[in-house]
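Asks: could you work out the structure for the sequence below:
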Amino acid sequence: MSRQGDFLIYCVETYKNAKHLTGKQIAELFTSYDVWEYVYSCFEALHTTGANYIVEDIDFYIEARQPAIARHDS
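Replies: As a prediction, this is how the structure comes out:
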């Protein structure tokens, strides 16, 4: 597997554990917000950061893609 693929798996597992989600929930969430492509395309920058930063960055990425109404309801 490529370095990017290994890193993507690391990000999935890190985010899953931090948010206490199942593999199915992560797959649905990452697919809905195209997180797979984001992490893959930002590999060079993200792989130099720590686990907490990665979780926060994915949260920001997802939040930025949610409809404005959903963001204001939370």
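Asks: all contacts plus neighbour counts: C-alpha atoms, from now on.
Replies: Will do.
Asks: the protein: helices as residue ranges?
Replies: With DSSP state H, the ranges of helices along the chain come out as 3-19, 23-32, 35-41, 43-46, 51-65, 68-73.
Asks: buried ones in the first one?
Replies: It refers to helix 3-19. By 16 or more other Cα atoms under 10 Å, the buried positions in helix 3-19 come out as 4, 7-8, 11-16.
Asks: for the third one, same thing?
Replies: Counting neighbours by 16+ other Cα under 10 Å, one finds that the buried residues in helix 35-41 are 35-36, 39.
Asks: ok, back up a step: okay if I get the helices of the chain as JSON lines plus mean pLDDT?
Replies: Formatted as JSON lines, those follow (pLDDT from 0 to 100):
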{"stretch": "helix 3-19", "mean pLDDT": "94"}
{"stretch": "helix 23-32", "mean pLDDT": "95"}
{"stretch": "helix 35-41", "mean pLDDT": "93"}
{"stretch": "helix 43-46", "mean pLDDT": "90"}
{"stretch": "helix 51-65", "mean pLDDT": "95"}
{"stretch": "helix 68-73", "mean pLDDT": "57"}
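Asks: any idea which residue sits dead centre in this protein?
Replies: residue 58 (3.9 Å; Cα atoms, centre = their mean).
Asks: can you get me a residue count around the nearest residue to residue 18 once chain neighbours are set aside?
Replies: Using Cα to Cα, 6 or more residues apart in numbering and skipping the chain neighbours, the partner closest in space to residue 18 is residue 55 (7.4 Å). The local packing of residue 55 (other Cα atoms under 10 Å) involves 19 other residues.
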